[in-house]
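> Predicted model and sequence below, questions to follow.
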Amino acid sequence: MTATLQPAARKADHAIDPQFIERWSQRSYTGEAIPDEVLFSVLEAARWAPSGSNAQPWRFIYARRGTPAWDVFSGFLKPGNQRWAPTASAYILIVSQTTKIRDGVLVKAESHSFDAGAAWAQLALQAHKLGWATRAIGGFEKEQARQALGIPADHALEAIIALGRPDPLAKAKLPEDLQAREFPSPRLPLSELAFEGRFPEVKP
């Protein structure tokens, strides 16, 4: 079973802080300039994410709207994301180092993507707390970005984050198919995601 794409009231199965339900991945932004205190606050929140062996494999490369770097980042986006993402105020590319030093030896960092995901979650929640919105973009030309931004070979390109002030009125400016999808998405019930003891039997 998969989550259906339809507007629905978000309701937690169990008691949690409201921020987890209220945050969602929007595409409608005002396009206004992002203040330093907002940009660096969300990056600071991401900095404090947990990571295996405290390796902190995440790195953030950002571009502000209206700068030469903005046009470079926009050029990485695949056509589907170019239809909405340029209305954001900043792009943040999250990369993760795939190696780490252990006992003086360079070894593979098995949890680098998992750890970078934790940093992304904290970034998104801090942005929401400040009244800003985020959406992670996986559809971009990674090798083009690697070459243009000088990203080393031992760093994985995880996602570009669109960050902007949410604007409900901007929804009307989105392509019609995206307007129909611009709402908080539901989640599968916890009973379909969490299992005690072992994974359930998969029925044919």
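Structure received.

> where does the most centrally placed residue in the chain land in three-state SS?
The residue lying closest to the centre of the chain (C-alpha atoms, centre = their mean) is Ala136, at 3.3 Å. Put simply, Ala136 is strand when judged by DSSP: H, G, I helix; E, B strand; the rest coil.

> Can you tell me the closest non-neighbouring residue to it?
Nearest non-adjacent residue to Ala136, counting by C-beta to C-beta, 6 or more residues apart in numbering: Ala159, 4.5 Å away. The way it works is simple: take the backbone N, C-alpha and C, and place the C-beta from them, glycine included.

> so is the one you found in a helix, a strand, or just coil?
Per three-state DSSP, the local secondary structure of Ala159 is strand.

> if we can go back for a sec, can you pull up the bridge partners for the residue nearest to the centre of the chain?
Listed beta-bridge partners, Ala136: Ile161 (assigned using DSSP bridges).

> about what we covered before: how near is the residue nearest to Ala136 to Gly131?
Separation of Ala159 from Gly131 (C-beta to C-beta, to the nearest Å) stands at 22 Å.

> so Ser96, which of the three states?
Under three-state DSSP, Ser96 comes out as strand.

> Phe20 against Ala12, yeah?
Yes. Using C-beta atoms under 8 Å, Phe20 is in contact with Ala12, at 7.4 Å.

> All good on my end, thank you.
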